[in-house]
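**Student:** below: sequence and its predicted model.
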Amino acid sequence: HALSDFIRLGRSYDGGYVVPRRALLNTRYFLSAGISTDWTFEFDIINKCSLLSYVFLDPTTNINSRFNLTLSMLWNSRSTRLRLLYLASFFKAVLTLPFFRLIVSDRFLDFYLSSSTSQSKLSPALTLDDVIPLLSDSIPSQSLALKLDIEGEEWALLDDILKYSRLYTFIVLEFHDVPM
């Protein structure tokens, strides 16, 4: 593949990903888990693909969760600089999340994505087996784009991801906490 066969979607740094251009042409369904306060990748997918359906999962994007997370980070941080960064992130979320959630309100679920075989500590949680049918009763092969940035849970989901491998046009995984 030549470099021109790929396109970067989302913002320039963390939150942006490189995907095959050709895959965008076939993408009709989109599942994204782990959005936090940056949905530039999700907006680019919505704008560049002729989507029939999409689902976003992230319970941290509602204001109550974001507020509780910020309080916890402020309480546990000893660094003034980090505290200021947490406050800035909270205010960005307060100013922008309601607009994003309003735009995609019917397709946004306040759940974590969890493995169907392991006991996750995350709650509330759904599995791929729960979410895939929400997109469609029958998803054709190679028509689903999957993006996961779920802070360490992606390792537990690998078997579940492989179970649906025939469906994907492309997969974006941001791995955290590599097990050794």
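**Tutor:** Now that the structure is in, tell me what you want to look at. Predicted model only: the values in this text are computed from it and were never measured.

**Student:** surely residue 132 meets residue 139?
**Tutor:** Yes - taking Cβ atoms under 8 Å as the definition, residue 132 is a contact partner of residue 139 at 6.8 Å. Placement of C-beta: from N, CA and C, glycine included.

**Student:** identify the contacts common to the two.
**Tutor:** The contact sets of residue 132 and residue 139 overlap at residue 167 (Cβ atoms under 8 Å, 6 or more residues apart in numbering).

**Student:** can you map out the helices along the protein?
**Tutor:** For the chain, applying DSSP state H gives helices covering 21-26, 40-48, 63-76, 80-103, 128-135, 158-163.

**Student:** alpha carbons of the last one, as PDB, please.
**Tutor:** As requested, the backbone C-alpha atoms of helix 158-163 are provided in PDB (Å, rounded to 0.1, in the frame of the first residue of the first chain):
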ATOM      1  CA  LEU A 158      -9.600  -9.400  21.700                       C
ATOM      2  CA  ASP A 159     -11.500 -12.700  21.600                       C
ATOM      3  CA  ASP A 160     -14.800 -10.900  21.200                       C
ATOM      4  CA  ILE A 161     -13.400  -8.700  18.500                       C
ATOM      5  CA  LEU A 162     -12.100 -11.800  16.600                       C
ATOM      6  CA  LYS A 163     -15.600 -13.400  16.900                       C
END
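
**Student:** which elements pack onto that helix?
**Tutor:** The elements that helix 158-163 packs onto, with contact taken as 3 or more Cβ pairs under 8 Å, 6 or more residues apart in numbering; DSSP states H and E, are helix 128-135.

**Student:** for residue 128, see how far away the residue nearest the centre of the chain is.
**Tutor:** In the chain, the C-alpha nearest the mean C-alpha coordinate belongs to residue 33, at 2.8 Å (Cα atoms, centre = their mean). Distance from residue 33 to residue 128, counting by Cβ to Cβ, to the nearest Å: 9 Å.

**Student:** what sits in contact with each of the two?
**Tutor:** Shared contacts of residue 33 and residue 128, defined by Cβ under 8 Å, 6+ apart, are found at residue 113.

**Student:** show me the shaky parts of the protein.
**Tutor:** 1, 61-70, 73, 86, 90, 93-106, 118-121, 179-180 (pLDDT under 70).

**Student:** and residue 164, its phi and psi?
**Tutor:** phi -110, psi 20 (degrees, to the nearest 10).
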